[in-house]
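Asks: dropping a prediction and its sequence here:
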Amino acid sequence: MECEEDSDCLSDDFEAAAKKIYQSGHDDNQKSSDDFDTQESHSKSTTVANAFQCKCCHVPFTIKSNCTRHERYCEFNKESSLFKCLQCDQAFKRKDHLNAHAKKCNSLVGNTSQQKKKTPCLIQGCDLSFYHKSSLIEHLNKFHQNDVSIRPAETKSFSSVKEFNKWKENEEESTFSYFTARKGQKSSLVKHFYCQHDGSAKLHSARKTSKCNRKGRIKVGHFCIAKMTVRIEKGAVHFEYYPTHNHMCRKEDLMHHPLPEEMSRYIDEKIAEKIPPTIVYELTKERFLPKNNIHAMDGRAATLTKKRILERGRRRRMAQRLHKDDAKAAYMLATQLIDSDKFNPVLLYKPYGAVTVHGPPDIDQLPNSKDLFMLRIQTERQLELFKKHCGKIVILDETHGTNQYKYQLLTVMVVDENRRGWPVAHFITSKSDGDTLAPFFKCLKSRAGENVAVNCVITDDDPALRNSVARP
């Protein structure tokens, strides 16, 4: 029968019910027997399924490892190991939960700035506090109209971010204020800018010297209600501006503000051109602070100093460093130049304590080769000058103690048709003797070609230089 075939697809728990529905010809004894078998099999399966129980809350488990893991962190288990926060004594049953809590714990010793989550009302005698500045402003307008006068919020729209930044800079310069965006809003389409006076003083580590910042700190514990809420939609900028400050905005605060955007971009361009900072300072003053413009000294541009340009150049150089460790930075730079698709300016490179990376393999056979550092560089333009003028005269100039590692710098120069000297190769080495200098001149001659002949060499009468040049 068709019903018998379908009954094979049913589970054991429904076998008796299927026989009752489709096989009505069975007697009561057969039915009782089937029900007993079903109950017995169900009892066995239930016993196996609930073989393991938690000792504390009696929750059943089918696998012993799951039960053991549950007992370890069961909330009714008083003997379970707890991890406590050293700052607030809050207990956790898992160490990763404690680590996550420690990053957000607001009870750090001495860190009162993070304990204040709400902004108190600015009126003395009012004990209310607020999470949001908009709620505080609404409270002041509604209940403290006689104590404080708050200008209404301004709503503006700009066609581009550049146009908004220009307006923001003019507004800040005219009011001697500066609005900054908090961290974590880089990818957000809605950004909040707050007055730089807003917030408590940041914690600073103990000073190691007696030097102090003459201009002082801008954050001293004020709660300023001035803010900007900016929304960017399809390139356009829509923002709401609350212009009222509850503190004095003074001209002296300009020293805490950044330079104007146009001036800052101009300084970066000149530093990128490797113009000395002193000249950059004079050029910037001549362009943005002309003597015939009296009002130019009233804005942010007047805070320009030579020290700010020097510091900006230093940070730019630090950002361009390949690595903090000088040895690793030199290795990365040399390998980049060697593997470059363009002209390879590296004649020879042997790192300190390692084998030769680029150059004659005979260098590794020199005495104390592991303690040697060699870097020899010649650009494409220097190679052209060397080929053109080496037939007249070649000058070798050696400088000792060029850095903290006491390395020597050997510079090869030629004289052009105007009797001006030009460097055509550089060699930095930790040791300067005949065996060390010979591979350098060998690489220099092989790159220039066999048709290039040196007529005369001028040295400082160092025997090592004379012997290394004379070697074939």
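Replies: Received it, and whenever you're ready, just let me know what you need.
Asks: just to be sure, K156 is in a helix?
Replies: No: the assignment for K156 (DSSP: H, G, I helix; E, B strand; the rest coil) gives strand, which keeps it out of a helix.
Asks: neighbours of it, just the number please.
Replies: Using other C-beta atoms under 10 Å, K156 has 12 other residues around it. Using the backbone N, CA and C atoms, a C-beta is placed for each residue, glycine as well.
Asks: next, count neighbours for the closest residue to E380 other than its chain neighbours.
Replies: Among residues not flanking E380 along the chain, F343 sits closest, at 4.3 Å (C-beta to C-beta, 6 or more residues apart in numbering). Other residues lying near F343 total 11 when counted by other C-beta under 10 Å.
Asks: cool, A226 as well?
Replies: Around A226 there are 23 residues (other C-beta under 10 Å).
Asks: okay, now V415: neighbour count?
Replies: 16.
Asks: dihedrals phi and psi, it?
Replies: phi -110, psi 130 (degrees, to the nearest 10).
Asks: in the stretch 251-400 of the chain, which spans are strands?
Replies: All strands of the stretch 251-400 of the chain, identified by DSSP state E, counting those that start in this stretch, fall at 346-350, 374-377, 394-399.
Asks: what's the separation between the most centrally placed residue in the chain and A272?
Replies: In the chain, the C-alpha nearest the mean C-alpha coordinate belongs to A319, at 10.9 Å (C-alpha atoms, centre = their mean). Here A319 is placed at a distance of 12 Å from A272 (C-beta to C-beta, to the nearest Å).
Asks: circling back to that earlier point, can you pull the contacts of the residue nearest to the centre of the chain?
Replies: With C-beta atoms under 8 Å, 6 or more residues apart in numbering as the criterion, no residue contacts A319.
Asks: from D433, how far off is it?
Replies: Distance of A319 to D433, computed by C-beta to C-beta: 38 Å.
Asks: returning to that earlier point: adding distance to A425 and mean neighbour count, write the strands of the stretch 251-400 of the chain out as JSON lines.
Replies: As requested, the strands of the stretch 251-400 of the chain are exported to JSON lines (distance: least, C-beta to C-beta, whole Å; neighbours: other C-beta atoms under 10 Å):
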{"stretch": "strand 346-350", "distance to A425": "7", "mean neighbour count": "23"}
{"stretch": "strand 374-377", "distance to A425": "7", "mean neighbour count": "22"}
{"stretch": "strand 394-399", "distance to A425": "10", "mean neighbour count": "18"}
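Asks: and A236, what is it in contact with?
Replies: Shown in contact with A236 (C-beta under 8 Å, 6+ apart): 157-160.
Asks: again, only this time at 6 Å
Replies: A236 makes contact with S159, according to C-beta atoms under 6 Å, 6 or more residues apart in numbering.
Asks: tell me the confidence at it?
Replies: Listed pLDDT for A236 reads 92.
Asks: go on, the one 10 residues further on?
Replies: Listed pLDDT for N246 reads 86.
Asks: numbering from 37 from now on, please.
Replies: Let's use 37 as the start, then, which means that last one is N282.
Asks: wait, is it part of a strand?
Replies: No: read with three-state DSSP, N282 is coil and lies in no strand.
Asks: could you measure from the nearest residue to V393 once chain neighbours are set aside over to S504?
Replies: Leaving aside its sequence neighbours, V393 sits nearest to Y385 (C-beta to C-beta, 6+ apart; 4.9 Å). According to C-beta to C-beta, Y385 stands 18 Å off from S504.
Asks: next: Q221.
Replies: Q221 sits 61 Å away from S504 when distances are taken as C-beta to C-beta.
Asks: who has more neighbours out of the two?
Replies: Ranked by neighbour count (other C-beta under 10 Å), Q221 and S504 place S504 first, with 23 against 13.
Asks: F128 contacts L134, doesn't it?
Replies: Yes: judged on C-beta atoms under 6 Å, F128 makes contact with L134 at a distance of 4.4 Å.
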